[in-house]
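Visitor: Let's see this in three dimensions:
(2 chains)
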Number of protein chains: 2
Amino acid sequence: MKIQVLVRLKPSVLDVQGKAVERGLSALGHEGVSNIRIGKVVEFELEGDTGEDDARARVEKLCGELFVNPIIEDCEVKLDNEVR
Amino acid sequence: MKIQVLVRLKPSVLDVQGKAVERGLSALGHEGVSNIRIGKVVEFELEGDTGEDDARARVEKLCGELFVNPIIEDCEVKLDNEVR
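Guide: As a prediction, the model looks like this:
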């Protein structure tokens, strides 16, 4: 099963990388871009012929243990048919 | 208009970060996860009341100039209704 996890900074956390890109865009003369947030996308193949609920639970466990810092980040899990 | 850009390493490029995570997962006892690829997700608000085609062209120009290294990365642009 194909899995996509989007890891984003929580809305209340300042995204310094995004701010830097925003300034870079202004400096390069690109206007009209605002509120840039930069996150990570983790994609992988999950083996095992399990149901959707079970797969989601497994992936959320992985997020909590390895992919996400729950103090400053949120994660969004997309399974198979929701990917793309 | 809400824009989401997914920046991924090209399939032919070795993803060392993904490989490191894959080993970390094995070491932590998580089996059944393979082919991990880690990319970036850039989300922002594009101002200007332009059509979809024009917005896509503007965002692809930004990708080429700032978000993506075209030698090793691909980008996928999602507009408004395709986001989420």
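
Visitor: From now on I want contacts and neighbour counts done on CA atoms only, so please keep to that.
Guide: Fine.

Visitor: hmm, who's touching stretch A:74-84?
Guide: With contact meaning C-alpha atoms under 8 Å, 6 or more residues apart in numbering or on different chains, stretch A:74-84 is reached by A:1-10, A:52, A:56, A:59-60, A:63, A:68.

Visitor: secondary structure element for residue A:26?
Guide: Per DSSP states H and E: residue A:26 is located in helix A:16-27.

Visitor: Show me which pair in the contacts of stretch A:74-84 is furthest apart.
Guide: Distances among these were taken as C-alpha to C-alpha; the most separated pair is A:1 and A:10, at 27.5 Å.

Visitor: now the strands: where do they sit in chain A?
Guide: Assigned by DSSP state E, the strands in chain A fall at A:2-9, A:33-46, A:73-79.

Visitor: ranking these by burial, who's on top?
Guide: Ranked by mean neighbour count, those are led by strand A:2-9 with a mean of 21 (mean count of other C-alpha atoms under 10 Å in any protein chain shown).

Visitor: list the helices and strands that one packs on?
Guide: Judged by 3 or more C-alpha pairs under 8 Å, 6 or more residues apart in numbering or on different chains; DSSP states H and E, strand A:2-9 is in contact with strand A:33-46, strand A:73-79.

Visitor: so can I have JSON lines of those showing mean pLDDT?
Guide: Formatted as JSON lines, those follow (pLDDT from 0 to 100):
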{"stretch": "strand A:33-46", "mean pLDDT": "95"}
{"stretch": "strand A:73-79", "mean pLDDT": "94"}
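
Visitor: Among those, which comes closest to residue B:38?
Guide: strand A:33-46 (4.6 Å).

Visitor: tell me what that closest one is packed against?
Guide: Packing partners of strand A:33-46 (3+ C-alpha pairs under 8 Å, 6+ apart): strand A:2-9, helix A:16-27, strand B:33-46.

Visitor: and the ones you listed as JSON lines, adding distance to residue A:40?
Guide: Shown next, in JSON lines, are those (distance: least, C-alpha to C-alpha, whole Å):
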{"stretch": "strand A:2-9", "distance to residue A:40": "5"}
{"stretch": "helix A:16-27", "distance to residue A:40": "12"}
{"stretch": "strand B:33-46", "distance to residue A:40": "4"}
